[in-house]
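Colleague: Any chance you could fold what I've pasted below:
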Amino acid sequence: MSRSQVIPETLSGKRIVNQIRDVLDNVSIPAEQPNKKMIPLSLGDPTTFGNLMTTDIFIKALQKAAASPAAHGYQHTTGSKAAKEAVAKRSAAATGRKVEAADVFLASGCSGALDISLQALASPGDNILLPQPGFALYETLALAHGIEVRHYPLLPHKKWEIDVDALEQLVDDKTRAILVNNPSNPCGSVYSKEHLCDVLAAAERLNLAVIADEIYGNLVFSGETFYSMAELAKNVPVLEVGGLAKEFLVPGLRVGWIIMHDVELEDGQTALQNVRRSALRLTQLTLGANTLVQACMPDILTPKAGSPEERQLAQFNADTIAQLESNAKFVTKRINSMRGLRATTPQGAMYTMVEIDQSQIAMDDVKFTQQLVDEELVFVLPGSCFGMANFVRIVYCAPEEVLAEACDRIEAFLKRLSTAVGN
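Modeller: Model prediction:
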């Protein structure tokens, strides 16, 4: 007997809203030409071009784990004891706070850690404060769980600092937390100690927790200093979110974490005691993170002090930062030499936001992206993907010769635009 009706779409499916997907559905990608290949400067994956690769220490640790049956089975849903201890030890050294394995919850990548954090803090009908521009997945995850999102502005001409006054105006009795991304995707900003303290002071006044997305915390350029919010917070509970993906150039290996930095209350309870219980239950939905990668984490995160491995890992991180910083300077210098575009020099991470001067280029960011990829096969992301119209985001992980070719094509595109309008 044949079916008589279409199975209806579910509420869960309808709740999934992805800004990047919504914008890119209106951008068509042309085929490569025989003499001109596509240059994708759109995807935040440092491995795309093959020039940035993880350290041999990670590869050897994976090989050792693969040969061990102990790394092939299930672990506790919040993570193995050894992996959690490694995360805790590293966090304690970085923040100066007491951090124990029980404070750590492993997840399937940083995105999985964000998902658990949002659900553990907010119920359907509550709201969360997100940066604008900001990583589109924040909103996607929140809306999927019936959590309202409210966007606080970042100030492009103040190195993308948070507009704290505007943030405070968004808060009501249903607001549960402020999400702060530092260093920033898509902006490449790194906040000063003073600015972070201002944000924490606001969180304390408003009695809000902070989700600190610090996945790029160990990719900060020379002359800049990264401060973890947990290091600075005194009376504000902080859910520090991080992972292996970007620092170790392994985004496909999918291990992230939440570190609960709690606050003791006058009655002997703690601010995050219920959040911890919820997070524990939420980890049971996925049965934990990749156990093979968990087995590598002590070797990667906490090598023996003074060992060759510790020195090699430090050199690997320094080399990665040096390459990204060199690329950032190269791209922003080239972009800022072009009429109609303006880029802020990044302070960390692997992104820059480029402003389209509407007085000189009479098209919005989506049209700009479409025409650029059509004519020059250079693919950037429209700022609308991150809630910031009339900007585009450039990922500068490619080798310098590829970035140079991309910049040459963008410059040629702008010159044709200028000629077409008679400027």
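Colleague: CA atoms for contacts and neighbours, from now on please.
Modeller: Noted.
Colleague: For the stretch 301-423 of the chain, which residues score under the pLDDT cut-off?
Modeller: Residue ranges of the stretch 301-423 of the chain with pLDDT under 70: 420-423.
Colleague: Please enumerate the helices of it.
Modeller: 308-336, 365-376, 400-420 (DSSP state H, counting those that start in this stretch).
Colleague: most neighbours per residue, which of the ones you listed?
Modeller: For those, the largest average neighbour count (mean count of other Cα atoms under 10 Å) is found in helix 365-376, namely a mean of 20.
Colleague: List the contacts of the residue nearest to the spatial centre of the chain.
Modeller: For the chain, the residue nearest the mean C-alpha position is N185 (5.2 Å; Cα atoms, centre = their mean). When contacts are counted by Cα atoms under 8 Å, 6 or more residues apart in numbering, N185 touches 134-135, 349-351.
Colleague: How about L292, nearest residue that isn't a chain neighbour?
Modeller: Closest residue in space to L292, ignoring its immediate chain neighbours: A71 at 5.1 Å, by Cα to Cα, 6 or more residues apart in numbering.
Colleague: quick one: that neighbour and N290 touch, right?
Modeller: No. With contact defined as Cα atoms under 8 Å, A71 does not reach N290; the gap is 9.3 Å.
Colleague: Same list (the helices of the stretch 301-423 of the chain) but as a markdown table, adding distance to D299.
Modeller: Compiled in a markdown table, the helices of the stretch 301-423 of the chain are given as follows (distance: least, Cα to Cα, whole Å):
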| stretch | distance to D299 |
| --- | --- |
| helix 308-336 | 8 |
| helix 365-376 | 43 |
| helix 400-420 | 32 |
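Colleague: Of all these, which one comes closest to D22?
Modeller: Closest to D22 of the helices of the stretch 301-423 of the chain is helix 365-376 (Cα to Cα; 11.3 Å).
Colleague: Run the chain-centre distance for the closest one.
Modeller: With Cα atoms, centre = their mean, to the nearest Å as the basis, helix 365-376 stands 25 Å off its chain's centre.
Colleague: same deal with stretch 283-297?
Modeller: On Cα atoms, centre = their mean, the centre of stretch 283-297 falls 20 Å from that of its chain.
Colleague: Endpoint to endpoint, that stretch covers what distance?
Modeller: 19 Å (Cα to Cα, to the nearest Å).
Colleague: Ok, stretch 181-198 next?
Modeller: 15 Å.
Colleague: Equivalent analysis for stretch 142-162, please.
Modeller: Note: stretch 142-162 ends 20 Å apart using Cα to Cα.
Colleague: okay but N182 is in contact with K193, surely?
Modeller: No. Applying Cα under 8 Å, one finds N182 not in contact with K193, separated by 11.4 Å.
Colleague: Can you name the residues that contact the nearest residue to K159 once chain neighbours are set aside?
Modeller: Spatially, and ignoring its direct neighbours in sequence, K159 is nearest to S189 (6.3 Å; Cα to Cα, 6+ apart). By Cα under 8 Å, 6+ apart, S189 lies in contact with 159-161, 182-183, 346-349.
Colleague: Go through these and give me the one with the most neighbours.
Modeller: Taking other Cα atoms under 10 Å as the neighbour criterion, A349 ranks highest of the contacts of S189 with 32 neighbours.
Colleague: roughly how far apart are that residue and E376?
Modeller: Distance from A349 to E376, by Cα to Cα: 26 Å.
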